[in-house]
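1. sequence unknown, structure follows:
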(Lines give C-alpha, C1' and ligand atoms only; values in the text may rest on other atoms or scores of the structure.)
Protein backbone atom coordinates (compact mmCIF):
# COMPACT_ATOMS: atom_id res chain seq x y z
CA UNK A 1 0.00 0.00 0.00
CA UNK A 2 2.79 2.39 0.88
CA UNK A 3 4.35 1.97 -2.55
CA UNK A 4 1.12 2.07 -4.55
CA UNK A 5 -1.00 4.69 -2.82
CA UNK A 6 -1.83 6.52 -6.07
CA UNK A 7 -2.92 3.36 -7.86
CA UNK A 8 -5.12 2.38 -4.93
CA UNK A 9 -6.77 5.77 -4.72
CA UNK A 10 -5.01 6.71 -1.50
CA UNK A 11 -2.92 9.67 -0.46
CA UNK A 12 0.86 9.29 -0.32
CA UNK A 13 2.20 9.89 3.14
CA UNK A 14 2.26 8.35 6.60
CA UNK A 15 0.36 5.10 7.11
CA UNK A 16 -1.32 4.02 10.33
CA UNK A 17 -2.49 0.50 11.14
CA UNK A 18 -5.87 0.11 12.82
CA UNK A 19 -8.10 -2.80 13.72
CA UNK A 20 -10.79 -4.13 16.02
CA UNK A 21 -10.71 -7.63 17.59
CA UNK A 22 -8.99 -9.98 15.10
CA UNK A 23 -8.29 -6.95 12.92
CA UNK A 24 -6.27 -5.46 15.77
CA UNK A 25 -4.34 -8.72 15.94
CA UNK A 26 -3.50 -8.37 12.24
CA UNK A 27 -2.57 -4.69 12.71
CA UNK A 28 -0.19 -5.49 15.58
CA UNK A 29 1.42 -8.37 13.67
CA UNK A 30 1.79 -6.16 10.58
CA UNK A 31 3.62 -3.48 12.56
CA UNK A 32 6.02 -6.05 13.99
CA UNK A 33 6.56 -7.65 10.57
CA UNK A 34 7.25 -4.33 8.83
CA UNK A 35 9.68 -3.33 11.57
CA UNK A 36 11.60 -6.61 11.23
CA UNK A 37 11.63 -6.43 7.42
CA UNK A 38 12.70 -2.80 7.26
CA UNK A 39 9.43 -1.85 5.61
CA UNK A 40 7.84 1.61 5.48
CA UNK A 41 7.71 3.44 8.77
CA UNK A 42 4.23 3.37 10.30
CA UNK A 43 2.84 6.58 11.75
CA UNK A 44 0.88 4.77 14.44
CA UNK A 45 -1.31 1.85 15.40
CA UNK A 46 -4.86 1.91 16.76
CA UNK A 47 -5.67 -1.37 18.50
CA UNK A 48 -9.24 -1.82 19.72
CA UNK A 49 -9.83 -4.80 22.03
CA UNK A 50 -6.89 -6.57 20.37
CA UNK A 51 -6.54 -10.34 20.43
CA UNK A 52 -2.87 -10.74 21.29
CA UNK A 53 -2.42 -14.18 22.90
CA UNK A 54 -4.00 -17.50 21.99
CA UNK A 55 -3.84 -19.08 25.45
CA UNK A 56 -7.20 -17.69 26.63
CA UNK A 57 -6.36 -18.06 30.32
CA UNK A 58 -6.32 -14.49 31.63
CA UNK A 59 -8.56 -13.26 34.46
CA UNK A 60 -10.66 -11.44 31.84
CA UNK A 61 -11.16 -14.70 29.93
CA UNK A 62 -12.54 -16.33 33.08
CA UNK A 63 -14.56 -13.37 34.37
CA UNK A 64 -16.25 -12.70 31.03
CA UNK A 65 -16.59 -16.22 29.65
CA UNK A 66 -20.38 -15.92 29.44
CA UNK A 67 -23.00 -13.20 29.21
CA UNK A 68 -21.22 -10.44 27.28
CA UNK A 69 -21.78 -11.38 23.62
CA UNK A 70 -18.23 -12.64 22.96
CA UNK A 71 -18.10 -15.90 24.93
CA UNK A 72 -15.37 -18.41 25.70
CA UNK A 73 -17.11 -20.92 23.43
CA UNK A 74 -17.07 -18.45 20.54
CA UNK A 75 -13.39 -17.65 21.12
CA UNK A 76 -12.54 -21.35 21.04
CA UNK A 77 -14.52 -21.75 17.81
CA UNK A 78 -12.73 -18.81 16.21
CA UNK A 79 -9.29 -20.07 17.21
CA UNK A 80 -10.07 -23.59 15.98
CA UNK A 81 -10.73 -22.12 12.55
CA UNK A 82 -7.63 -19.94 12.58
CA UNK A 83 -4.72 -21.93 13.99
CA UNK A 84 -3.96 -25.25 15.63
CA UNK A 85 -2.92 -25.24 19.34
CA UNK A 86 0.80 -25.04 18.52
CA UNK A 87 0.33 -22.33 15.92
CA UNK A 88 -1.59 -20.14 18.35
CA UNK A 89 1.59 -19.57 20.35
CA UNK A 90 3.55 -18.28 17.35
CA UNK A 91 4.11 -14.49 17.36
CA UNK A 92 2.42 -14.24 13.96
CA UNK A 93 -0.78 -15.41 15.68
CA UNK A 94 -0.07 -14.08 19.18
CA UNK A 95 1.85 -10.80 18.81
CA UNK A 96 2.22 -10.49 22.59
CA UNK A 97 4.63 -13.43 22.37
CA UNK A 98 7.07 -11.61 20.07
CA UNK A 99 10.46 -11.44 21.75
CA UNK A 100 11.01 -7.83 20.67
CA UNK A 101 8.29 -5.29 21.51
CA UNK A 102 10.51 -2.26 20.89
CA UNK A 103 10.70 0.25 18.03
CA UNK A 104 7.04 -0.12 17.14
CA UNK A 105 4.82 2.74 15.97
CA UNK A 106 3.11 4.91 18.59
CA UNK A 107 0.14 2.93 19.85
CA UNK A 108 -3.32 3.73 21.14
CA UNK A 109 -4.92 0.69 22.76
CA UNK A 110 -8.52 0.67 23.97
CA UNK A 111 -10.20 -2.23 25.74
CA UNK A 112 -13.64 -2.72 27.29
CA UNK A 113 -14.24 -3.86 30.85
CA UNK A 114 -16.69 -6.71 30.22
CA UNK A 115 -14.68 -8.46 27.52
CA UNK A 116 -12.60 -11.66 27.47
CA UNK A 117 -9.99 -9.77 25.42
CA UNK A 118 -9.56 -6.98 27.99
CA UNK A 119 -6.34 -8.32 29.51
CA UNK A 120 -4.88 -9.15 26.08
CA UNK A 121 -5.01 -5.47 25.20
CA UNK A 122 -3.67 -4.29 28.53
CA UNK A 123 -0.76 -6.75 28.40
CA UNK A 124 0.04 -5.67 24.85
CA UNK A 125 0.11 -2.00 25.81
CA UNK A 126 2.24 -2.67 28.88
CA UNK A 127 4.72 -4.75 26.88
CA UNK A 128 5.22 -2.00 24.30
CA UNK A 129 5.54 0.62 27.03
CA UNK A 130 8.08 -1.49 28.93
CA UNK A 131 10.13 -1.69 25.72
CA UNK A 132 10.23 2.10 25.57
CA UNK A 133 7.49 2.69 23.02
CA UNK A 134 5.01 5.59 23.09
CA UNK A 135 1.73 4.02 24.20
CA UNK A 136 -1.65 5.25 25.41
CA UNK A 137 -4.22 2.81 26.67
CA UNK A 138 -7.51 2.90 28.47
CA UNK A 139 -10.21 0.56 29.75
CA UNK A 140 -13.77 1.66 28.96
CA UNK A 141 -15.70 0.91 32.12
CA UNK A 142 -19.12 -0.65 31.72
CA UNK A 143 -18.61 -1.53 28.06
CA UNK A 144 -18.82 -4.91 26.36
CA UNK A 145 -17.03 -6.21 23.30
CA UNK A 146 -19.51 -4.79 20.78
CA UNK A 147 -20.67 -1.65 22.60
CA UNK A 148 -18.56 0.82 20.61
CA UNK A 149 -20.14 -0.14 17.31
CA UNK A 150 -23.74 0.25 18.54
CA UNK A 151 -24.17 3.85 17.38
CA UNK A 152 -27.25 5.58 18.88
CA UNK A 153 -27.87 2.53 21.10
CA UNK A 154 -24.97 2.65 23.56
CA UNK A 155 -24.76 6.40 24.00
CA UNK A 156 -21.55 6.34 26.03
CA UNK A 157 -19.68 4.99 23.01
CA UNK A 158 -19.72 8.39 21.33
CA UNK A 159 -16.90 9.78 23.46
CA UNK A 160 -14.84 6.64 22.92
CA UNK A 161 -15.15 6.92 19.17
CA UNK A 162 -13.98 10.52 19.46
CA UNK A 163 -10.93 9.26 21.35
CA UNK A 164 -10.17 6.85 18.52
CA UNK A 165 -10.46 9.61 15.93
CA UNK A 166 -8.18 11.84 17.97
CA UNK A 167 -5.62 9.06 18.14
CA UNK A 168 -5.63 8.62 14.37
CA UNK A 169 -5.22 12.36 13.90
CA UNK A 170 -2.21 12.29 16.20
CA UNK A 171 -3.79 14.56 18.78
CA UNK A 172 -1.21 16.36 20.88
CA UNK A 173 -3.63 16.56 23.79
CA UNK A 174 -5.09 13.08 24.27
CA UNK A 175 -7.85 12.81 26.84
CA UNK A 176 -7.76 9.08 27.44
CA UNK A 177 -6.38 7.63 30.66
CA UNK A 178 -5.73 3.98 31.61
CA UNK A 179 -9.04 3.69 33.45
CA UNK A 180 -11.73 5.77 31.81
CA UNK A 181 -15.44 6.04 32.63
CA UNK A 182 -17.16 6.71 29.26
CA UNK A 183 -20.59 7.10 30.84
CA UNK A 184 -19.40 9.93 33.04
CA UNK A 185 -17.50 11.40 30.11
CA UNK A 186 -20.68 11.53 28.04
CA UNK A 187 -22.28 13.80 30.65
CA UNK A 188 -19.42 16.04 31.74
CA UNK A 189 -15.65 16.45 31.28
CA UNK A 190 -13.88 13.07 31.65
CA UNK A 191 -14.28 11.57 35.10
CA UNK A 192 -11.67 9.02 36.01
CA UNK A 193 -11.97 6.03 38.32
CA UNK A 194 -8.81 4.42 39.58
CA UNK A 195 -10.18 1.00 40.49
CA UNK A 196 -12.72 -0.37 38.01
CA UNK A 197 -14.38 -3.52 39.24
CA UNK A 198 -15.06 -6.30 36.79
CA UNK A 199 -17.96 -7.37 39.01
CA UNK A 200 -19.72 -3.99 39.04
CA UNK A 201 -23.04 -3.70 37.18
CA UNK A 202 -23.25 -2.05 33.80
CA UNK A 203 -24.11 1.68 34.04
CA UNK A 204 -27.70 2.60 33.26
CA UNK A 205 -26.66 4.62 30.20
CA UNK A 206 -25.44 1.42 28.58
CA UNK A 207 -28.51 -0.46 27.45
CA UNK A 208 -28.77 -4.17 28.01
CA UNK A 209 -27.00 -6.17 25.33
CA UNK A 210 -28.62 -9.07 23.44
CA UNK A 211 -28.06 -12.49 25.06
CA UNK A 212 -24.81 -14.29 24.28
CA UNK A 213 -24.91 -16.36 21.11
CA UNK A 214 -25.85 -19.95 21.78
CA UNK A 215 -23.89 -21.28 18.80
CA UNK A 216 -21.07 -20.01 16.58
CA UNK A 217 -22.09 -17.90 13.59
CA UNK A 218 -21.94 -19.61 10.25
CA UNK A 219 -19.35 -17.11 9.07
CA UNK A 220 -17.26 -14.55 10.83
CA UNK A 221 -14.08 -13.97 12.69
CA UNK A 222 -13.08 -12.57 16.11
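-> In hand now; what should we look at? Values in this document were obtained by computation on a predicted structure and should not be read as measured data. Numbers count the residues shown, from 1 in each chain.
2. the strand or helix carrying residue 47 - what's its average pLDDT?
-> Counting by DSSP states H and E, the secondary-structure element that holds residue 47 is strand 42-48. Taken as a whole, strand 42-48 carries a mean pLDDT of 92.
3. select the longest strand from the chain.
-> When the chain is parsed with DSSP state E, its longest strand is strand 135-144.
4. buried residues in the next helix or strand after that one?
-> Scanning forward in sequence from strand 135-144, with DSSP H and E defining helices and strands, the next element found is helix 157-169. Of the residues in helix 157-169, those with enough neighbours to count as buried (16 or more other C-beta atoms under 10 Å) are 157, 159, 160, 163, 164, 166, 167. (Glycine included, C-beta is placed from N, CA and C.)
5. what segments of the chain are strands?
-> Secondary structure of the chain (DSSP E): strands at 15-20, 42-48, 107-114, 135-144, 179-180.
6. now those in CSV, with distance to residue 1 and mean neighbour count?
-> Shown next, in CSV, are the strands of the chain (distance: least, C-beta to C-beta, whole Å; neighbours: other C-beta atoms under 10 Å):
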stretch, distance to residue 1, mean neighbour count
strand 15-20, 7, 19
strand 42-48, 11, 23
strand 107-114, 19, 26
strand 135-144, 24, 24
strand 179-180, 32, 20
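7. can you put these in CSV and add distance to residue 129?
-> Written out in CSV, the entries for the strands of the chain read as follows (distance: least, C-beta to C-beta, whole Å):
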stretch, distance to residue 129
strand 15-20, 18
strand 42-48, 13
strand 107-114, 9
strand 135-144, 4
strand 179-180, 15
